[in-house]
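Novice: Need coordinates for the below:
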Amino acid sequence: MAKLYFYFASMNAGKSSTLLQTAFNYGERGMTVSLWTAALDDRPGFGAISSRIGLASDAHRYEPDTDIEARVLEEHHEKPLACVLVDEAQFLTKEQVWQLARLADKAGIPVLCYGLRTDFQGELFPGSAALLGIADALVEMKAVCDCGRKATMNLRVDENGKAVAEGAQTEIGGNDRYVAMCRKHFCEALDG
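Specialist: This next block holds a predicted model:
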């Protein structure tokens with residue numbers, strides 16, 4: 001039976017590189033996968049899934065109104081899919097998470113989602129909340145804080161490296177805007 005998986009972590013845990021390695025492994029066995037990523041990322045490589053270690057692959061892009069289920073089923077009818085891989089899953093809507101669940105349950109296609117659990121204020125993203133609620137399997141990936149402990153938080157920083165405590169939930173950025181930290185150092189940075 002196909003399942004809906006949610007691989008979650010703070011930034012810099014290797015979510016995208018793990019997703020791309022999974023796609024490579026399926027491809028090496030002659031199987032087809034469907035790759036998806038959020039359309040809101042407009043940095044270089046837009047529309048591609050790319051990792052900090054240099055791996056990259058083109059992908060379908062989803063917006064909040066994208067019917068991922070319908071698009072994947074069309075693709076699946078053209079050429080059977082071994083699985084669906086979704087990067088930046090925190091940006092999925094609740095309805096899109098249910099669409100992915102139906103792909104696993106009704107179409108028998110495994111769906112592997114990779115994303116952040118929480119934002120820079122420690123709040124769940126809508127897509128992450130839905131996945132934590134209904135995914136068949138939850139897998140926490142590990143990132144490391146500067147102190148050596150497990151990083152579970154994403155500290156947003158300004159151009160001077162100072163902690164940012166307020167703002168929109170979604171602000172695209174990489175190592176220039178976010179630092180993965182353990183909760184203790186995250187709280188200290190915000191209080192500092």
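Novice: all helices for the chain, in order.
Specialist: All helices of the chain, identified by DSSP state H, fall at 15-28, 68-78, 94-105, 126-134, 183-191.
Novice: What residues of the longest one count as buried?
Specialist: The neighbour-count check on helix 15-28 (16 or more other Cβ atoms under 10 Å) flags 15-20, 22-23 as buried. The C-beta positions use only the backbone N, C-alpha and C, and glycine is treated the same way.
Novice: closest one to residue 40 among the helices of the chain?
Specialist: Nearest to residue 40, of all these, is helix 126-134, at 12.1 Å by Cβ to Cβ.
Novice: ok now the closest one, how far from the chain's centre?
Specialist: When distances are taken as Cα atoms, centre = their mean, to the nearest Å, helix 126-134 is centred 12 Å away from the chain's centroid.
Novice: now for it, which elements pack on it?
Specialist: In this structure, helix 126-134 packs against strand 4-9, helix 94-105, strand 111-116, with contacts taken as 3 or more Cβ pairs under 8 Å, 6 or more residues apart in numbering; DSSP states H and E.
Novice: I'd like these laid out as CSV, including mean pLDDT and distance to residue 139.
Specialist: Conversion of these to CSV gives the following (pLDDT from 0 to 100; distance: least, Cβ to Cβ, whole Å):
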stretch, mean pLDDT, distance to residue 139
strand 4-9, 97, 5
helix 94-105, 98, 15
strand 111-116, 96, 9
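Novice: follow-up on the earlier one: let me have the helices of the chain in JSON lines, adding distance to residue 147 as columns.
Specialist: Converted to JSON lines, the helices of the chain look like this (distance: least, Cβ to Cβ, whole Å):
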{"stretch": "helix 15-28", "distance to residue 147": "22"}
{"stretch": "helix 68-78", "distance to residue 147": "39"}
{"stretch": "helix 94-105", "distance to residue 147": "34"}
{"stretch": "helix 126-134", "distance to residue 147": "25"}
{"stretch": "helix 183-191", "distance to residue 147": "6"}
